[in-house]
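*Asks:* Predicted coordinates and the sequence they were generated for:
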2 protein chains.
Amino acid sequence: MYIRGVGRTRFGALNLSLPELMYDSVMEALSDSRLESRDIDAAIVSCFAPERFQSQLHINSMVSSLFQVNKLPVFRVEAACASGGVAVNQACHLARAFENVLVVGVEKMSSVASRDATSILGLALDKRYEQEEGMIFPAAYALIAQQHFLKFGSNPEDLALVSLKNHSNANKNELAHFYRKRVDLEDIRNSMPVSSPLRLFDCCPMSDGAASLVISARKTCDRDIRILGSSVRTDNLSLVDREDLTSFTAARLAARDAYSQAGIRPKDISFAEVHDCFTIAELIAMEDLDLCERGGSAGLVRKGETSLDGSIPVNTDGGLKADGHPIGATGIAQIVESVKQLRGEAGRRQIDDPVYGLTHNIGGIGGTAVVHILGAG
Amino acid sequence: MYIRGVGRTRFGALNLSLPELMYDSVMEALSDSRLESRDIDAAIVSCFAPERFQSQLHINSMVSSLFQVNKLPVFRVEAACASGGVAVNQACHLARAFENVLVVGVEKMSSVASRDATSILGLALDKRYEQEEGMIFPAAYALIAQQHFLKFGSNPEDLALVSLKNHSNANKNELAHFYRKRVDLEDIRNSMPVSSPLRLFDCCPMSDGAASLVISARKTCDRDIRILGSSVRTDNLSLVDREDLTSFTAARLAARDAYSQAGIRPKDISFAEVHDCFTIAELIAMEDLDLCERGGSAGLVRKGETSLDGSIPVNTDGGLKADGHPIGATGIAQIVESVKQLRGEAGRRQIDDPVYGLTHNIGGIGGTAVVHILGAG
């Protein structure tokens, strides 16, 4: 499968509606693909909770309304924060039957107060074992961070370095939620505790935004980027049913699938866009993806190896932490960034001669995991 | 594609939770397929609004929790009341990559009051043009009924005959919501007006229930039922953007696709399971599916041609009206009924020697439409 073109909006608290966000990103992806809307044969929209944020379900039909041609087959997928990655995987399946498959991911979160948004995100946690016991995502990831600290000797300073690096990358990404925000280590260390050991700067923001791409089974030109591996795996919904809090089995399995499909090894990866909803999640992702040994992620971060000029740059666009996390768009935006890096179009954050890019998108606390591996066509 | 096995729960207000409903129907489908859960390679779950009815999203991960094997790829789709049909269509795409694809559709609606359920269903209407103007589904379909009456001379008595026939069929379906309810024409004519000209007996109930099936690309035994056609089409979300209220363009296009894929004509269809969320929708479905000419549906109903012993039986299981309408399960239950008819396992409601069955599942007011055509393997 090939990605013909990509598009995305700025991420942040935006004065744009859900359909406007979708429209803008889709139009850019079509233009980048040298296609018009009538060339699209099927579409997938990923959105986490439009019924809570916008009182609107049935948004596959809304996508049909936006593009007044063809009465296309349009599908909506939801898989918590992995909705975007799952949509891309589904599009790969659809592209066996349809020539040009449009994928658009979107979330408009600033329509509710932050506290309410946290509750809405909590709907992705197990109702009986987690929601009703007061569990929210920052608390879940705080438990995970504490376990990682205990087991591997990582510490809050490692998390601060992850945050600093992602904010620094976002400063080179004019579409990022925190493009203009200057953040130093002192800001991070002194930020408000959210759920100890996680502070405000360990947590991704609530963002509005959309990201789009067009997938086709055949290569159409040299700008096309190839999807070499695509895998979705799932795990138990509730943390109480997991054997280990410091690794997500679904992510390990999805990575194994994707490496196998691509016929490459972890050391071949040039850069990775990983699901850093909280800074600790970036450390765990690196380990689950075998970009380092178990417990070895903090060491790489301390040596600067995950920076833009390091041996394995991670979250070149700023990640969920600083680029932003408009839920339904996130997994697609990771692929948009990967396409830009592989085409050499990433501007001030361009890394040197990337060959293979990897994206890692997580739903819930690892209940869903999606891994993609991309390479130049 | 082939359907290896099917299963479903009773429909109605049930003392079973969302996961219990899924579990029961999946276990029956696996048993009917002569498979065990470890034989499943991927799964799709369709559910309309679990976040409203159960405060639970991310139910693809819940499906993974229910079947403690393989950490499968599991996907959730939502397309309003067409969620189930869309899931089956998606499963056909997935079955090119995975050997046995499980589809489970579910909705647990009795967890909220009927009035609240009506509001939740309304989330599938356009927020700006419909929801905020007070539109609800019974009112939308009342407008459609009035237009059909004006244009084609159909009348409330025709709707009553549809209701009577579907209740009569449900009396032969021990899993139906209204299996035990005896309904005569006087009950229907004298029932409470909901949104004139629609009365209570013109409206489907709020049901709990689940339905499941297993799809495979290859035929495994003579009991397998073949999917000869499968199409999803969409249209504008809002009624104000439609050219005609008495026909759903998306349904006409999906039917055209499905007939073309199957290589058969409408007159070859032995029976049809259509989306009678309101009785008027059954008349429109028959016309959109070319089972009769435009405006000809009421005539067929008056002559009894859509009854079990008629020339084109419609909604042999009782339809949404009397079998019930657990949103995410409905489109799958239509296929479960079709499989039972084609296998000759439909008991007291079995029709004579069916060759081709058709299912028609609608989301919103025609914003999504799914048509499947099935035949003996």
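*Replies:* Received it, and whenever you're ready, just let me know what you need. Residues are numbered from 1 along each chain as shown, chains lettered A, B, ... in the order given.
*Asks:* Okay, strands next: where are they in the stretch 101-250 of chain A?
*Replies:* Here the stretch 101-250 of chain A has its strands, by DSSP state E, counting those that start in this stretch, at A:193-195, A:198-199, A:209-216, A:225-234.
*Asks:* And for the stretch 251-377 of chain A?
*Replies:* So, for the stretch 251-377 of chain A - with DSSP E, counting those that start in this stretch - the strands run A:271-273, A:356-363, A:368-376.
*Asks:* Next, the contact list for the residue in the stretch 51-200 of chain A positioned nearest to chain B, please.
*Replies:* As assessed by CB to the nearest CB, chain B sits closest to A:S61 within the stretch 51-200 of chain A, at 3.1 Å. Quick note: C-beta positions are derived from backbone N, CA and C, even for glycine. Counting by CB atoms under 8 Å, 6 or more residues apart in numbering or on different chains, A:S61 makes contact with A:74, B:79-80, B:234-237, B:363-364, B:367-368.
*Asks:* Most widely separated two among these?
*Replies:* B:A79 and B:N236 (14.5 Å; CB to CB).
*Asks:* Those two: which has the busier surroundings?
*Replies:* More crowded of B:A79 and B:N236, by other CB atoms under 10 Å in any protein chain shown: B:A79, with 35 against 24.
*Asks:* and that one, how far is that from chain A?
*Replies:* 5 Å (CB to the nearest CB, to the nearest Å).
*Asks:* Hmm, A:N60 and that residue touching each other?
*Replies:* Yes - using CB atoms under 8 Å, B:A79 makes contact with A:N60 at a distance of 5.3 Å.
*Asks:* joint contacts of these two?
*Replies:* In contact with both B:A79 and A:N60: A:75-76, B:86, B:363, B:368, using CB under 8 Å, 6+ apart.
*Asks:* Could you identify the most distant pair in those residues?
*Replies:* Longest distance between any two of the shared contacts of B:A79 and A:N60 is 11.1 Å, between A:F75 and B:G363; criterion CB to CB.
*Asks:* Between those two, which contacts overlap?
*Replies:* The contact lists of A:F75 and B:G363 share A:60, B:79, B:86, where a contact means CB under 8 Å, 6+ apart.
*Asks:* Would you mind putting these into JSON lines with distance to A:A97, pLDDT and secondary structure alongside?
*Replies:* Output for the shared contacts of A:F75 and B:G363, formatted as JSON lines (distance: CB to CB, whole Å; pLDDT from 0 to 100; DSSP: H, G, I helix; E, B strand; the rest coil):
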{"residue": "A:N60", "distance to A:A97": "17", "pLDDT": "97", "secondary structure": "helix"}
{"residue": "B:A79", "distance to A:A97": "17", "pLDDT": "98", "secondary structure": "strand"}
{"residue": "B:V86", "distance to A:A97": "14", "pLDDT": "98", "secondary structure": "helix"}
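*Asks:* Any chance of those residues in a markdown table with distance to B:N70 as columns?
*Replies:* Formatted as a markdown table, the shared contacts of A:F75 and B:G363 follow (distance: CB to CB, whole Å):
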| residue | distance to B:N70 |
| --- | --- |
| A:N60 | 29 |
| B:A79 | 27 |
| B:V86 | 24 |
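*Asks:* pLDDT score assigned to A:R242?
*Replies:* Here, the pLDDT recorded for A:R242 equals 87.
*Asks:* And it, its phi and psi?
*Replies:* Main-chain dihedrals, A:R242, degrees, to the nearest 10: phi -100, psi 150.
*Asks:* Grab the nearest non-local neighbour of it.
*Replies:* A:N236 (6.2 Å; CB to CB, 6 or more residues apart in numbering or on different chains).
*Asks:* How confident is the prediction for the one you found, by pLDDT?
*Replies:* 95.
*Asks:* Now do the contacts for it.
*Replies:* A:242, A:367, B:61, B:64-65, B:68.
*Asks:* quick check, whatever helix or strand A:E20 lives in touching chain B?
*Replies:* Here A:E20 is covered by helix A:18-32, with elements defined by DSSP states H and E. No - against chain B, helix A:18-32 shows no contacts by CB under 8 Å from any CB of the partner chain, the least distance being 8.9 Å.
*Asks:* Would you mind listing what in the stretch 1-150 of chain A touches chain B?
*Replies:* A:48-49, A:51-52, A:54-58, A:60-65, A:68, A:71-80, A:86, A:89-90, A:93-94, A:96-97, A:123-127, A:131.
*Asks:* got it, and the stretch 201-350 of chain A?
*Replies:* A:231-238, A:241, A:249-250, A:253.
*Asks:* redo that, cut-off 10 Å
*Replies:* Counting by CB under 10 Å from any CB of the partner chain, the stretch 201-350 of chain A comes close to chain B at A:231-238, A:241, A:249-250, A:252-254, A:257.
*Asks:* The least confident helix or strand in chain A by mean pLDDT - contacts with which helices or strands?
*Replies:* Sorting the helices and strands of chain A by mean pLDDT, DSSP states H and E puts helix A:114-121 at the bottom, at a mean of 91. In terms of contacts (3 or more CB pairs under 10 Å, 6 or more residues apart in numbering or on different chains; DSSP states H and E), helix A:114-121 is packed against helix A:50-53, helix A:137-152, helix A:327-343.
*Asks:* which residues touch the spatially closest residue to A:K303 that is not a sequence neighbour?
*Replies:* In space, and not counting its chain neighbours, A:K303 is closest to A:G310: 7.6 Å by CB to CB, 6+ apart. Applying CB atoms under 10 Å, 6 or more residues apart in numbering or on different chains to A:G310 gives the contacts A:165, A:271, A:300-301, A:303-304, A:351.
*Asks:* residue in the stretch 201-350 of chain A nearest to chain B?
*Replies:* Closest point on the stretch 201-350 of chain A to chain B, by CB to the nearest CB, is A:T234, at 3.7 Å.
*Asks:* for stretch A:83-96, which positions count as buried?
*Replies:* A:83-95 (16 or more other CB atoms under 10 Å in any protein chain shown).
*Asks:* picking up where we left off before, among the contacts of A:N236, who's most crowded?
*Replies:* Going by other CB under 10 Å, A:G367 tops the contacts of A:N236 with 33 neighbours.
*Asks:* got the angle for the least confident helix or strand of chain A vs helix A:327-343?
*Replies:* Helix A:114-121 and helix A:327-343 meet at an angle of 90 degrees, taking axes from the mean of the first three to the mean of the last three CA atoms, to 10 degrees as the criterion.
*Asks:* A:R52 touches B:R52, doesn't it?
*Replies:* Yes - with contacts counted by CB atoms under 10 Å, A:R52 reaches B:R52, the gap being 8.5 Å.
*Asks:* Next, show the common contact partners of those two.
*Replies:* A:123, B:123.
*Asks:* so where do the helices sit in the stretch 201-350 of chain A?
*Replies:* A:249-262, A:279-288, A:297-302, A:319-322, A:327-343 (DSSP state H, counting those that start in this stretch).
*Asks:* Can you add mean neighbour count and distance to A:P197 and give those back as TSV?
*Replies:* As requested, these are exported to TSV (neighbours: other CB atoms under 10 Å in any protein chain shown; distance: least, CB to CB, whole Å):
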stretch	mean neighbour count	distance to A:P197
helix A:249-262	22	22
helix A:279-288	28	8
helix A:297-302	21	13
helix A:319-322	32	16
helix A:327-343	29	24
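*Asks:* Include mean pLDDT when you put those into CSV, please.
*Replies:* Formatted as CSV, these follow (pLDDT from 0 to 100):
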stretch, mean pLDDT
helix A:249-262, 98
helix A:279-288, 98
helix A:297-302, 98
helix A:319-322, 98
helix A:327-343, 98
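*Asks:* Of all the ones you listed, which one is nearest A:M192?
*Replies:* From those, taking CB to CB, the stretch that ends up closest is helix A:279-288, at 14.7 Å.
*Asks:* and the closest one with strand A:356-363, angle?
*Replies:* Going by the same axes, to 10 degrees, helix A:279-288 makes 130 degrees with strand A:356-363.
*Asks:* So what's the gap between helix A:279-288 and the chain middle?
*Replies:* Distance of helix A:279-288 from the chain centroid (CA atoms, centre = their mean, to the nearest Å) equals 13 Å.
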